[in-house]
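>>> Kindly return the folded structure for what I paste below:
(chains A and B)
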Number of protein chains: 2
Amino acid sequence: MNEEKKILGILGGMGPLATADLYKKIVLLTQADNDNAHIHTIIDSDTGIADRTAAILSGGRDPLPEMLAARDRLIRAGAQCLIMPCNTAHYFLDALKKDCPVPFLNMLDAAASTSARQFPGKKAVILATRGTLATGLYSRALENAGIPFLEPSEEEKDVLTYLIYDIVKASRPLSEGTPLFIKLLRGLKDRGADYFILGCTELPILAMEVPDEGPFIDPTAELARAAIRFCGYEVQEREIH
Amino acid sequence: MNEEKKILGILGGMGPLATADLYKKIVLLTQADNDNAHIHTIIDSDTGIADRTAAILSGGRDPLPEMLAARDRLIRAGAQCLIMPCNTAHYFLDALKKDCPVPFLNMLDAAASTSARQFPGKKAVILATRGTLATGLYSRALENAGIPFLEPSEEEKDVLTYLIYDIVKASRPLSEGTPLFIKLLRGLKDRGADYFILGCTELPILAMEVPDEGPFIDPTAELARAAIRFCGYEVQEREIH
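Alright, predicted model coming up:
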């Protein structure tokens, strides 16, 4: 193992299925032909972390103390670079980076940077929870990258909330959500959207079911690619599903 | 969160894709309708652990010191129950359980116990690496559970080695391996096999591609179910894929 290879830490559990999805994407996207050529990865999937959206929007319990504790457990276990597969949690990223002795990569910046390169001048839509949208985190990341975008209407936000919380996070069969998801995507295209940023880590899981309704930017996959490169490994070019 | 809920530790990296697969199965098989209802899980996917088959069969580097170090990192991080998604690694289970302050569940026993219940009196085949087969670990687990079984021939072991190492662990497209896998399974049925124990954690990933060629017992899923129960959660009855 090369001296420059880094141990990756994943601050997970937000949610657990998205954590499993990110780790699988890291493995599939790493250029490696045997176990030992993969990234040493430590995952703390602390499912006790308070809901981020509730904390941001409605005065719910603050998740930061639990996130800091998980961050520190990962660092103590040896993590040399951190990531987290939860868009809304990036609201707390500045606080998590404070006094953090290792780099903490930003999933939204990874998504914006790929969007700008892949769809220059085209109009994005941010598909996300109300919590993420309310933080303005994605708007800022896209503005910084010079990307034109539109946001879902209140009614469309209701549909997204239902799909994220009552289908994916609730481990319901995805087929119960796909007709509504397709209707949402087609409506947004009618309003001028050229492509969709899957700005909640539960959404790529749903989007895999309707690949023809894109194009999609999957921030989970873009974060995986950024982390692979940062840890000193090569990205394998491939379709993942 | 109930006082009796346990934090689960996964000694992973053997291999990384199997680790992602196990964690996904744990999430999908846990009865939970929101993030907080899932198991707090810590995963150390140490891809630097020496190859288990090489160590057992051909005097390769001993993986035990690295496995013990990963075990201890998990316990320090808070794990209260341990599992590992690698059949061959169970050769080292007794050594890992020695002086281990927390319970370490056995994947092979979980698979044998489900096999006996689900296919009473029927003949199993153990599909596994040469390393796992040479240890006799599965034979003993099945004998203890009173299960009749047959083992693959030398030629069939060559095919299994190719599928495990050169397709799944090498992250090759699974479709490159499925025709050979189907031929292997049908040949074994001709020799009297009633069902297949997927005794290498890479094989369920391949078996998902050919669901009609079973029935299969997936020790990864059985280990997930055993761990969910042991940690104080309920198993959700569902098909996973």
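>>> A:G232: how many residues sit nearby?
The burial count assigned to A:G232 is 15, neighbours taken as other CB atoms under 10 Å in any protein chain shown. For every residue, glycine as well, the C-beta is placed using N, CA and C.
>>> these two touch, right, it and A:T30?
No. With contact taken as CB atoms under 8 Å, A:G232 and A:T30 are classed as non-touching, separated by 10.9 Å.
>>> State the distance from the closest residue to A:L8 other than its chain neighbours to A:K6.
Taking CB to CB, 6 or more residues apart in numbering or on different chains, and ignoring the residues beside it in sequence, A:L8 has A:T41 as its nearest neighbour in space, at 4.6 Å. Separation of A:T41 from A:K6 (CB to CB, to the nearest Å): 10 Å.
>>> Compare these two and say which is more crowded by neighbours.
When A:T41 is set against A:K6 and neighbours are counted by other CB under 10 Å, the residue ahead is A:T41, at 28 against 18.
>>> what's near enough to touch that one?
Listed by CB atoms under 8 Å, 6 or more residues apart in numbering or on different chains, the contact set of A:T41 reads A:I7, A:L8, A:G9, A:I10, A:Y23, A:I26, B:G13, B:P16, B:I43, B:S45, B:T47.
>>> residue ranges of the strands in chain A, please?
Read by DSSP state E, chain A holds these strands, from start to end of the chain: A:8-12, A:41-45, A:81-83, A:124-127, A:149-150, A:195-198, A:216-217.
>>> The ones you listed into a markdown table, with extra columns for mean pLDDT?
Listed next are those as a markdown table, based on pLDDT from 0 to 100:
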| stretch | mean pLDDT |
| --- | --- |
| strand A:8-12 | 98 |
| strand A:41-45 | 98 |
| strand A:81-83 | 98 |
| strand A:124-127 | 96 |
| strand A:149-150 | 95 |
| strand A:195-198 | 97 |
| strand A:216-217 | 96 |
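>>> Tell me, please, where in chain A the pLDDT is lower than the cut-off.
Within chain A, the segments meeting pLDDT under 70 span A:1-3, A:241.
>>> Got the domain ranges for it?
Per automatic domain parsing, the structural domains of chain A span A:8-106+A:222-230, A:108-219.
>>> first to last residue in the shortest one, what's the distance?
Start and end residues of domain A:8-106+A:222-230 are separated by 9 Å (CA to CA, to the nearest Å).
>>> now it: how far from the chain's centre is it?
Relative to the centre of its chain, domain A:8-106+A:222-230 is centred 10 Å away, using CA atoms, centre = their mean, to the nearest Å.
>>> OK, contacts around A:H40?
Under the criterion of CB under 8 Å, 6+ apart, the contact list for A:H40 reads A:K5, A:I7, A:L8, A:G78, B:G13, B:S45, B:D46, B:T47, B:G48.
>>> nearest spatial neighbour of A:C86, skipping sequence neighbours?
Distances taken as CB to CB, 6+ apart put A:M14 closest to A:C86, at 3.6 Å, once the chain neighbours are dropped.
>>> Next, give phi and psi for that neighbour.
Torsion angles at A:M14 (phi, psi; degrees, to the nearest 10) stand at phi -120, psi 70.
>>> List the contacts of A:G15.
A:T47, A:C86, A:V168, A:K169, A:T201, A:E202, B:D35, B:H38.
>>> try 7 Å this time
If you count contacts by CB atoms under 7 Å, 6 or more residues apart in numbering or on different chains, A:G15 has them with A:K169, A:E202, B:D35.
>>> again with A:A55
Counting by CB under 7 Å, 6+ apart, A:A55 touches A:R61, A:D62, A:P63.
>>> What separation do you get for the closest residue to A:A124 other than its chain neighbours and B:G192?
On the basis of CB to CB, 6+ apart, the spatially nearest residue to A:A124 that is not a chain neighbour turns out to be A:F149, at 4.2 Å. Here the criterion is CB to CB. By it, A:F149 lies 62 Å from B:G192.
>>> repeat for A:K5
Applying CB to CB to A:K5 and B:G192 gives a distance of 48 Å.
>>> who has more neighbours, those two?
Each of A:K5 and B:G192 had its neighbours counted (other CB under 10 Å), and the higher figure belongs to A:K5 (16 against 10).
>>> Thought A:E234 was touching that one, still the case?
No. Counting by CB atoms under 7 Å, A:K5 stays clear of A:E234, with 11.4 Å between them.
>>> The closest residue to A:I10 other than its chain neighbours - how many residues pack around it?
Across the structure, with CB to CB, 6+ apart as the measure, the residue nearest A:I10 apart from its sequence neighbours is A:I43 (4.4 Å). Residues near A:I43, counting by other CB under 10 Å, number 30.
>>> What of A:L223?
Once other CB under 10 Å is used to define contacts, A:L223 is seen to have 26 neighbours.
>>> That one contacts A:I83, doesn't it?
Yes. Using CB under 7 Å, A:L223 makes contact with A:I83 at a distance of 5.7 Å.
>>> Now do the shared contacts for the two.
Joint contacts of A:L223 and A:I83 (CB under 7 Å, 6+ apart) are A:L105, A:M107.
>>> distance of A:A95 from chain B?
Computed as CB to the nearest CB, to the nearest Å, the A:A95 to chain B distance reads 20 Å.
>>> A:T161 now?
13 Å.
>>> and A:L160, what does it touch?
A:L127, A:T129, A:P152.
>>> In helices only, show me the contacts of A:G15.
Using DSSP state H, no member of those falls within helices.
>>> Including neighbour count and distance to B:L57, could the residues you listed go into a markdown table?
As requested, the contacts of A:G15 are exported to a markdown table (neighbours: other CB atoms under 10 Å in any protein chain shown; distance: CB to CB, whole Å):
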| residue | neighbour count | distance to B:L57 |
| --- | --- | --- |
| A:K169 | 23 | 44 |
| A:E202 | 25 | 43 |
| B:D35 | 26 | 43 |
